[in-house]
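Q: Sequence first, then the predicted structure, then my questions.
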Amino acid sequence: MQMYGKRFNFATFFQNFHQMTANEIRESFKRFFEERGHLVVPSAPMVIKDDPTLMFTNAGMNQFKDIILGNREPRSKRATDSQKCLRVSGKHNDLEQVGHDTYHHTMFEMLGNWSFGDYFKKEAIDWAWEFLVDVLKIDPTILYATVFEGSPSEGLERDNEAAQYWAKHLPAGHIINGNKHDNFWEMGDTGPCGPCSEIHIDLRSDEEKKQLPGASLVNQDNPHVIEIWNLVFMQYNRMADKSLQPLPARVIDTGMGFERLCAVMQGKNSNYDTDVFQPLIQAVGQMGNVSYGQNEETDTAMRVIADHIRAIAFSIADGQLPGNAKAGYVIRRILRRAVRYGYTFLGQRSAFLYKLLPTLIDNMGQAYPELEAQKTLITKVIKEEEEAFLRTLATGMNLLDDVINETKAKGETQISGKQAFTLFDTFGFPLDLTELICQEQGLSIDMNAFQEEMQRQKERARNAAAIETGDWQQVRDGEEQFCGWDKTESTCHILRYRKIEQKKKTYYQLVLDTTPFYAETGGQVGDTGQLKNDFETIEIIDTKRENNQAVHICTQLPQHPEAEFIATVDVARRHASEANHTATHLLDQALRQVLGTHVEQKGSLVTPEYLRFDFSHYQKVTPEELRQVSRIVNENIRRDYPLEEFRDIPIEQARQMGAIALFGEKYGNTVRAVRFGESIELCGGCHASSTGRIGLFRIISESSVAAGVRRIEALTGQAAEESVYMGEDVINGLKSLFNNSKDLTAAVRKIIDEDAQMRQSIQTFMQEKVQMLKQHLVQTAKMQDGVRIIRANLDITPEMAKDLAFQMASDNSSPMLCVIGSTHQGKPLLTVMLNKALMETHPLNAGQLVRQAAPLIQGGGGGAPHYATAGGKNAEGLNAALDKVMELAGF
């Protein structure tokens, strides 16, 4: 694919300069800023778990969001990293472009440096220039910088300060004014924002540069003149009324696309030609026996697969499994898109994506060790997801065949857009594959109707998720303190509040200076309770964590927000959650003890009613193993181990103590560890004061969540006790049905055996009846134009009707049309069978005959060309339906 015209002369550009690998480029960036006092921080997980506004990290600043908002103090006022990001949904919906050009990606890395109230524009600009020109040796004459031109409507002047600093490095003609869209960065509709300065590079040939200055092509979507670095100067706070207020602590947030920088440094016209992607593309080519660069369709497929395997593998490593909702659905879409391209363009008819994991680990495992650590899980999950989708494709093919046959039978050339959308939305069958198959059959799709259905679905989703958020109203200064580990009641004041409107309902969010309410995080649901004083009582209906602060949700705003309140947690509900949370820790330990140390937590839910625990294990847990796990947990409950807490200890100390940490979680320098006997884990949740407080533990289900991931659901305390009583009631009820038999198992087994014998007798009788009916129908069959016509309306079961039809078709001595109407328990069934001899001499299709006759019994159906059935509601219409089939068949 030739995306660029004449190539930039990279031979001159890199004269006497070692071509850096992707890993060297990444490390050189981090080392450069580390030498300038920046703390090198690890990448945050790509999957976000405690921010309701985001599913995935889509920018380098996400992990610093609560610092920027002033809700957390930074470990260092200067930081740098390479952040894993994913952009496929929301306003960064790039998924359908990925693979068709040289620069769109799902997962990408963002190199960044930050200042939190420390340095500002001068240092940010000077260091960016120094890294690009002095360290990477990029020719300064091909660099351009943009500055914000100002916005008179908002009273914002041109960013002359940034322009002044750029003038030290660039001629005036290379400093370009940019509009608000390109050069004013905003976190969202509200929140921190400010002007930004982009660095662009002109990669055109010398001849092209002489014809047209690069300055005229900046931010004009020219593939030769591209942005490589964005320096954001956060100095304002956008309010809900759209006004701007100065930010108390100004922030520098810079982001440079790693893949694009590698393309520049390695002299490539496409990100996919760099050593970031080429090892994967070559591996894909070997699987499909194709070469990259020979064919546009296969090249696109190889780029899609090389890009998507990165997003899939890193998401699973960070704890997000493919699923049917939210983040899981996004990952499933990406995976299925990769499989679809391999299926359609590379001839991959079996699972293949998972085989790319070793190549990905070789390429990125050193920078991101979680890939190697989670290799087995990632492999199994991807393989199972691939195989499931390939089965979906097979099912979709059959459904589409029916739609195509139905369309052709009507004499139409266009498939209904609603039917195509149903295949896409309900059955997961890709639209482009539907289009391809329809084209091969000489058909098209009503795309306008398809898009209307898609728009309706988006509107439904948008309305369900729409939230209107007001500004925070500051009541008093102060910082939030959580006291819920030690108490369930405390005096407090409201620091700030805001109004929220969702689904036509109004809520209020409160932030308190001291709170005993636990905010939902780490799988444990949030507390409920009350805020009370002498004047009023406010019900707290939930507590969420947002931007590292506990947000208390209520439906009524206090009349006197400045007053002092007593915050009281619903103690019964909290204690039930604590029991379930502590039991979850004991369950984790017992599973590792019974199944092996490969068991790792992959998700959990702790509610007052029950607990749910997902863990890595590669086969079904047997009943014997579950019983053993339950015995261990209940034994540890009876031992009444006390809660031992280790607050604010260094994370290395916690690890030396043997504390279990979770993959996909980002921990600070200091952590809280919780121990009950031999169980010790890093945990910020609320727990029982001792294991004896749990009372009783009972597993109620064990199931599969995904490949290599099992799920256990369990009850504790009173809920577990009630489940025992329910079981006793069931057993007592069964005993009463068997005359209070002392050996209930033997009594049930006897009934089952007698039932099997009776069923066998019935089956024999039915077979004999079918034989008698067959003989009668053969004897009464009519010959018309050389065709045996068998038409009957019988009182038989659907199974007997099918058996009878196939027995009739076994005789191919002459053409035969068999049309049977049957009624069983008041429900009509129409059955049509054509034998082989008839199909060879007459252009008939049983499925089409059935579909056109089915409305007469108020039903529908279909099937194969030789055999089809239709069920319905109107048994009185059977004779008319039989006549209709005969009419359509021409007899």
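A: Arrived safely. Only a predicted model underlies this, so the values are computations on that prediction, with no experimental measurement involved. Numbers count the residues shown, from 1 in each chain.

Q: contacts, neighbours, all on C-alpha from now
A: Fine.

Q: mind listing what residue 111 touches?
A: Under the criterion of C-alpha atoms under 8 Å, 6 or more residues apart in numbering, the neighbours of residue 111 are 26, 29, 60, 80, 81, 82, 83, 254, 255, 256, 257, 258.

Q: and the fifth one, that one's in a strand?
A: Yes - the assignment for residue 81, made by DSSP: H, G, I helix; E, B strand; the rest coil, places it in a strand.

Q: Find me the pLDDT at it, would you?
A: Looking at residue 81, its pLDDT stands at 95.

Q: repeat for the third one
A: The predicted local distance difference test score for residue 60 is 84.

Q: Residue 511 versus residue 141, what's the distance?
A: For residue 141, the distance to residue 511 equals 52 Å [C-alpha to C-alpha, to the nearest Å].

Q: And the two? Which one has more around it.
A: Counted by other C-alpha atoms under 10 Å, residue 141 and residue 511 do not tie: residue 511 has more neighbours, with 22 against 11.

Q: so how many other residues sit close to the nearest residue to residue 414 once chain neighbours are set aside?
A: Closest residue to residue 414 apart from its sequence neighbours, by C-alpha to C-alpha, 6 or more residues apart in numbering: residue 444 at 4.7 Å. Residues near residue 444, counting by other C-alpha under 10 Å, number 19.

Q: so how far is residue 424 from residue 444?
A: Taken as C-alpha to C-alpha, the span from residue 444 to residue 424 is 16 Å.

Q: same question, residue 412
A: Applying C-alpha to C-alpha, the value for residue 412 to residue 424 is 21 Å.

Q: out of these two, which sits in the more crowded spot?
A: Per other C-alpha under 10 Å, whichever of residue 412 and residue 424 has more neighbours is residue 424, with 19 against 13.

Q: which SS class is the more buried one?
A: Secondary structure, three-state DSSP: residue 424 is helix.

Q: go on, the one 5 residues further on?
A: Using three-state DSSP, the three-state assignment for residue 429 comes out as coil.

Q: Leaving out chain neighbours, which residue sits closest to it?
A: Nearest residue to residue 429 in three dimensions, chain neighbours excluded: residue 423, at 5.3 Å (C-alpha to C-alpha, 6+ apart).

Q: surely that neighbour meets residue 396?
A: Yes - using C-alpha atoms under 8 Å, residue 423 makes contact with residue 396 at a distance of 6.9 Å.

Q: Quick check: neighbours shared by the two?
A: By C-alpha under 8 Å, 6+ apart, the residues touching both residue 423 and residue 396 are residue 429.

Q: how deep is residue 451 tucked in, by neighbour count?
A: Residue 451 has 14 neighbours, counted by other C-alpha under 10 Å.

Q: Next: residue 679.
A: Counted with other C-alpha under 10 Å, the neighbours of residue 679 add up to 19.

Q: is it true that it touches residue 587?
A: No - between residue 679 and residue 587 there is no contact under C-alpha under 8 Å: 9.4 Å.

Q: so who does residue 336 touch?
A: 386, 389.

Q: Helix or strand for it, just tell me which one.
A: helix 326-345 (DSSP states H and E).

Q: May I have that helix as CSV, with CA atoms only?
A: Written as CSV, here are the backbone C-alpha positions of helix 326-345 (Å, rounded to 0.1, in the frame of the first residue of the first chain):
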residue,chain,number,x,y,z
LYS,A,326,-19.0,-3.1,28.5
ALA,A,327,-15.2,-3.5,28.4
GLY,A,328,-15.5,-7.3,27.8
TYR,A,329,-17.7,-6.7,24.7
VAL,A,330,-15.1,-4.2,23.3
ILE,A,331,-12.3,-6.9,23.6
ARG,A,332,-14.6,-9.5,22.0
ARG,A,333,-15.3,-7.2,19.1
ILE,A,334,-11.6,-6.6,18.5
LEU,A,335,-10.9,-10.4,18.7
ARG,A,336,-13.7,-11.2,16.3
ARG,A,337,-12.6,-8.6,13.9
ALA,A,338,-9.2,-10.1,13.7
VAL,A,339,-10.6,-13.6,13.3
ARG,A,340,-13.0,-12.4,10.6
TYR,A,341,-10.1,-10.9,8.6
GLY,A,342,-8.1,-14.1,8.9
TYR,A,343,-11.1,-16.1,7.9
THR,A,344,-12.1,-14.0,4.9
PHE,A,345,-8.7,-13.0,3.4
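
Q: low-confidence ranges in the stretch 551-700 of the chain?
A: Applying pLDDT under 70 to the stretch 551-700 of the chain flags the ranges 663-664.

Q: Ignoring the adjacent residues along the chain, who's closest to residue 510?
A: Once flanking residues are discounted, residue 510 sits nearest to residue 497: 4.5 Å by C-alpha to C-alpha, 6+ apart.

Q: how close does that neighbour sit to residue 503?
A: Distance of residue 497 to residue 503, given as C-alpha to C-alpha: 20 Å.

Q: returning to that earlier point: what's downstream of the helix holding residue 336, the next helix or strand?
A: helix 357-364.

Q: The residue lying closest to residue 693 once chain neighbours are set aside sits in which helix or strand?
A: Closest residue to residue 693 apart from its sequence neighbours, by C-alpha to C-alpha, 6+ apart: residue 579 at 6.8 Å. Residue 579 belongs to helix 571-595 when assigned by DSSP H and E.

Q: Next up, phi/psi of the nearest residue to residue 215 once chain neighbours are set aside, please.
A: Distance criterion C-alpha to C-alpha, 6+ apart; nearest residue to residue 215, sequence neighbours excluded, is residue 174 at 6.3 Å. With angles defined as degrees, to the nearest 10, residue 174 sits at phi -100, psi 10.

Q: Same check on residue 471?
A: The phi/psi pair for residue 471 (degrees, to the nearest 10) is phi -70, psi 150.

Q: again, but for residue 250
A: The phi and psi torsions at residue 250 (degrees, to the nearest 10) take the values phi -70, psi 150.

Q: That one: what's it in contact with?
A: Residue 250 sits next to 116, 117, 118, 120, 233, 234, 235 when contact means C-alpha under 8 Å, 6+ apart.

Q: Kindly report the same for residue 311.
A: By C-alpha under 8 Å, 6+ apart, the residues touching residue 311 are 86, 106, 107, 331, 334.

Q: Kindly report the same for residue 312.
A: Residue 312 neighbours (C-alpha under 8 Å, 6+ apart): 331, 334, 335, 382.

Q: Make sure the second one is actually in contact with residue 310.
A: It stands for residue 334. No - applying C-alpha under 8 Å as the test, residue 334 and residue 310 come out as separate, 10.3 Å apart.

Q: so what's the residue minimising distance to the centre of the chain up against?
A: Nearest residue to the geometric centre of the chain (C-alpha atoms, centre = their mean): residue 328, 2.1 Å. For residue 328, the contacting residues are 320, 321, 322, by C-alpha under 8 Å, 6+ apart.

Q: Which pLDDT value does the model give it?
A: Residue 328 carries a pLDDT score of 88 in this model.

Q: just residue 450 next, same as before
A: Turning to residue 450, the model gives it a pLDDT of 92.

Q: How about residue 742?
A: pLDDT, read off for residue 742, is 85.

Q: Same question for residue 416.
A: 90.

Q: Now do the phi/psi pair for the closest residue to it other than its chain neighbours.
A: In this structure, residue 416 finds its nearest non-sequential neighbour in residue 446, 5.6 Å apart by C-alpha to C-alpha, 6+ apart. The phi/psi pair for residue 446 (degrees, to the nearest 10) reads phi -70, psi 90.

Q: what residues are up against residue 446?
A: The neighbours of residue 446, taking C-alpha under 8 Å, 6+ apart as the test, are 414, 415, 416, 417.

Q: residues touching residue 304, list them.
A: Applying C-alpha under 8 Å, 6+ apart to residue 304 gives the contacts 98, 99, 338, 341.

Q: again, but for residue 567
A: 489, 490, 491, 492, 515, 516, 517, 529, 530, 531, 532.

Q: buried residues in the helix or strand it falls within?
A: For residue 567, the host element (DSSP H and E) is strand 564-569. Within strand 564-569, the residues that count as buried by 16 or more other C-alpha atoms under 10 Å are 565, 566, 567, 568, 569.
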